[in-house]
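Student: Provided below for reference: sequence and predicted model.
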Amino acid sequence: MLSAIDNYFFQKEEPIKSTLLYLRKHILKLDGNITETWKYGMPFYCYKGKMCCYLWVHKKYKQPYIGIVEGSKINHPDLIQEKRARMKILLIEANKDIPIIKINAILKSMFALYK
């Protein structure tokens with residue numbers, strides 16, 4: 001039986017499923033202090049027990065994204081605020097190569113907020 005988190009990923013269609021699974025694996029291997037949990041009906045990633053980011057699919061654009069909890073404190077041109085007060089998102093185009101250097105730079109800035 002799949003956990004709620006695993007079920008979330010495996011119910012998605014390709015190429016979104018593969019993109020989300022890659023992002024999940026990448027986030028978890030970045031730092032030993034990162035844990036995965038199921039909150040608010042989505043996979044959340046915590047750094048030393050504090051919620052720092054999550055994975056989701058944008059309803060309008062139909063693209064996977066990384067949501068950064070304290071995104072308003074990170075200045076990066078590719079982070080999108082939309083109508084969120086605190087969070088920003090980084091859209092990932094599932095049909096293109098994953099911009100891993102950009103993702104790493106944003107996640108490094110995110111981790112710095114928690115250290």
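Tutor: Right, received. Where do you want to start?

Student: neighbours of Arg84, how many?
Tutor: For Arg84, the tally of surrounding residues (other C-beta atoms under 10 Å) stands at 13. In this view, the C-beta of every residue, glycine as well, is placed from N, C-alpha and C.

Student: show me the contacts for it.
Tutor: Gly71, Ser72 (C-beta atoms under 8 Å, 6 or more residues apart in numbering).

Student: where's it relative to Gly71, distance?
Tutor: Distance, Arg84 to Gly71, using C-beta to C-beta, to the nearest Å: 7 Å.

Student: how about Ser3?
Tutor: Taking C-beta to C-beta, one finds Ser3 at 27 Å from Gly71.

Student: can you give the strand pairings for the strand of greatest length in the chain, parallel or anti for each?
Tutor: Longest among the strand segments of the chain by residue count, using DSSP state E, is strand 50-57. Strand 50-57 has its sheet partners listed here by DSSP bridges as strand 42-47 (antiparallel), strand 64-68 (antiparallel).

Student: please pull up the helix or strand immediately following the last one.
Tutor: Scanning forward in sequence from strand 64-68 by DSSP states H and E, the next helix or strand is strand 88-91.

Student: restrict that following strand to CA atoms and write it as PDB.
Tutor: Output of strand 88-91 as PDB, limited to C-alpha atoms (Å, rounded to 0.1, in the frame of the first residue of the first chain):
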ATOM      1  CA  LYS A  88       7.000  32.300  -3.800                       C
ATOM      2  CA  ILE A  89       7.100  29.600  -6.400                       C
ATOM      3  CA  LEU A  90       9.600  28.400  -9.000                       C
ATOM      4  CA  LEU A  91       7.800  26.900 -12.000                       C
END
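
Student: tell me the contacts of the closest residue to Tyr114 other than its chain neighbours?
Tutor: Nearest residue to Tyr114, sequence neighbours excluded (C-beta to C-beta, 6 or more residues apart in numbering): Tyr47, at 4.7 Å. The neighbours of Tyr47, taking C-beta under 8 Å, 6+ apart as the test, are Asp31, Asn33, Ile34, Met110, Phe111, Tyr114.

Student: out of those, which are inside helices?
Tutor: Mapping the contacts of Tyr47 onto helices (DSSP state H) picks out Met110, Phe111, Tyr114.
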